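1. below are the sequence and a predicted model for it; my questions follow.
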2 protein chains.
Amino acid sequence: MSKRRETPLKNIKLEKGHCSIGVRLNKLGMVPFFQELSESDLEKVNQHFRARHFDRGDVIYREEETASLLRIVVAGKVKLVRHTLEGKDVLIDMLQPGEYFGSLPSIGDEKYMETAIAQTQACVLSVGTDDFRNILNQYPSVAVKALEITAGRLKESQEQIKQLRTRSVENRIAHVLTMLSDKFGEESEVGLLIQVPLSRKELADMVGTTAETASRIISRFQEKDWVSTGRQWIAIKNQEKIRDLSQDKG
Amino acid sequence: MSKRRETPLKNIKLEKGHCSIGVRLNKLGMVPFFQELSESDLEKVNQHFRARHFDRGDVIYREEETASLLRIVVAGKVKLVRHTLEGKDVLIDMLQPGEYFGSLPSIGDEKYMETAIAQTQACVLSVGTDDFRNILNQYPSVAVKALEITAGRLKESQEQIKQLRTRSVENRIAHVLTMLSDKFGEESEVGLLIQVPLSRKELADMVGTTAETASRIISRFQEKDWVSTGRQWIAIKNQEKIRDLSQDKG
DNA sequence: CGGTCTGTTGAAGGATTTCAACACTCGTGG
DNA sequence: CCACGAGTGTTGAAATCCTTCAACAGACCG
């Protein structure tokens, strides 16, 4: 039954110089935080950032480490994971260019609560939380923007909690598939392809189930010809059905 | 087995005039948002707020209603609930004086995502989101504070997601009991009493289970003499055991 | 003093996990 | 260049936790 195709995922090769100081300013203006800043303000803010490249699988920071930097993805994808004592993983978020992570300036919050790992090759900007605090105080629009973004994420988290409590695993998987395809989807000859390498285990860790159950459900979707899939990739062929399942009409 | 006692909960009777314009300014200074403001700034900010009293069970606003006000609890407790299409409830948060709820100023976020209900008699301040946006832009320290608080809630939400995915119902109940006792606990002759009226159903809605299961587990705790409980109240007698369970050693 | 709401307890049923075995893919080193 | 091994995905069967359905008891309210 399994006619596996080769991965249709784009292999985003970042050039060596891609993650350099030169492009930083350029990218920074596209980050939602700073959209309302003038050219000159942007340039000043830019001074405080450092850029760094990561390869796939690289750990950017680890849970429990002392937190002192705010980071922004400018290229590639980054995943945030929490580990539990029993060895289970919870995949909190999958970040796109423009999104922030790490530590916001705050009072006693000195440890990272999650581990950040490069899911593809990635370029990440970082700024010290003290520097960022100054930026916030100096440019209120940045603080308001940051607040909006964080409030938005809070809403998403709460939505996820609601899902976890009231929906079946099948519904929840349908839900993350629509979320991921909204965020990372690209049309391709195999369907609406989610442009991130994603294993069954990772999918399971996003909806709170086991790799086995995720596999069973994806197989079921495949039988019905709603998705096509292979090693580390999934594409959606019937968006309507998946979206229906992700809501309630099952 | 059930020797029920009368409720040991304080019946916080708010005086009629308690929630009036006079006390507003006084209270406002204690709200974390505004802690760093000077007296005179506080007075200016105060102009924009209105105060209102709610009785137990009153709906402050409803899911799906158009959102235009940011609110702050200044007396009493307020619960935030999400309803699902299948008629299940998810209790998102239980708020104390000083905490905010309602809508932060944001772009397209025009509907409330949850329903707010007074859990006890309560006094609530409100401010239009546009007014609040101006406040944020004028007093960066307020924006930074709001950001910190919201980021803190996001962390809590993520912690809750982790719990939901990896812990048993028993562990999760132990966890909310410790959370609630940290937030609302008061020493009393029956143990560390959670100073909020709380039914089995509500407890269940906090951890994502059914009232029956919650009842079974509380009964089990009671047999072991770890808690004492009655209609709408719970007190913790053995904090250590409950805290252990809430972590992992169970 | 009944009616309703809340809490308790039992038993059956169901969704998901866990354990286990196997197939396929990919990269690496001989 | 091929073979091997680790990582990834699939599938089955048994076990488990939790829900659902149901009946009842105590508490509060008018």
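-> Nice, I can see it.

2. avg pLDDT for the longest helix along chain A?
-> In chain A, taking DSSP state H as the definition, the longest helix is helix A:140-166. Mean pLDDT, computed over helix A:140-166, is 94.

3. check which residues of it are buried.
-> With burial defined by 16 or more other C-beta atoms under 10 Å in any protein chain shown, the residues of helix A:140-166 counted as buried are A:140-155, A:157-166. Backbone N, C-alpha and C define where each C-beta goes, glycine included.

4. and it, what does it pack against?
-> Packing contacts for helix A:140-166, counted by 3 or more C-beta pairs under 8 Å, 6 or more residues apart in numbering or on different chains; DSSP states H and E, involve helix A:129-138, helix A:169-184, strand B:89-95, helix B:129-138, helix B:140-166.

5. between these, which one is closest to residue B:63.
-> Go through those one by one with C-beta to C-beta and the one that ends up closest to residue B:63 is strand B:89-95, at 10.7 Å.

6. the closest one - contacts with which helices or strands?
-> The elements that strand B:89-95 packs onto, with contact taken as 3+ C-beta pairs under 8 Å, 6+ apart, are helix A:140-166, strand B:78-83, helix B:169-184, helix B:200-207.

7. next one: the helix or strand just after the third one to chain centre, how far?
-> The one in question is helix B:169-184. Scanning forward in sequence from helix B:169-184, with DSSP states H and E defining helices and strands, the next element found is strand B:185-188. The gap between the average C-alpha position of strand B:185-188 and the chain average comes to 17 Å, counting by C-alpha atoms, centre = their mean, to the nearest Å.

8. and what of stretch A:33-44?
-> Shown here is stretch A:33-44, whose average C-alpha point lies 25 Å from the average C-alpha point of the whole chain (C-alpha atoms, centre = their mean).

9. measure that stretch end to end?
-> Separation of the first and last residues of stretch A:33-44 by C-alpha to C-alpha, to the nearest Å is 14 Å.

10. buried residues of stretch A:241-250, list them for me.
-> Neighbour-count burial for stretch A:241-250 [16+ other C-beta under 10 Å]: A:241-243, A:245-246.

11. hang on, the earlier thing: let's have the helices and strands packed on helix A:140-166 in TSV, adding distance to residue B:201.
-> Putting these into TSV (distance: least, C-beta to C-beta, whole Å) gives the following:
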stretch	distance to residue B:201
helix A:129-138	42
helix A:169-184	23
strand B:89-95	8
helix B:129-138	32
helix B:140-166	18
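
12. go through these and name the closest to DNA strand C.
-> Between DNA strand C and the helices and strands packed on helix A:140-166, the shortest separation by C-beta to the nearest atom of the strand is 3.8 Å, and it involves helix A:169-184.

13. residue A:192: neighbour count?
-> Residue A:192: 23 surrounding residues under other C-beta atoms under 10 Å in any protein chain shown.

14. need the contact list for it.
-> A:181, A:185-186, A:235-237, A:239 (C-beta atoms under 8 Å, 6 or more residues apart in numbering or on different chains).

15. one more pass at 7 Å, please.
-> Contacts were defined as C-beta atoms under 7 Å, 6 or more residues apart in numbering or on different chains; by that measure residue A:192 touches A:181, A:185, A:235-236, A:239.

16. any idea how far the helix or strand it falls within is from the middle of the chain?
-> With the criterion set as DSSP H and E, the secondary-structure element containing residue A:192 is strand A:191-194. Using C-alpha atoms, centre = their mean, the mean C-alpha position of strand A:191-194 is found 17 Å from that of the whole chain.
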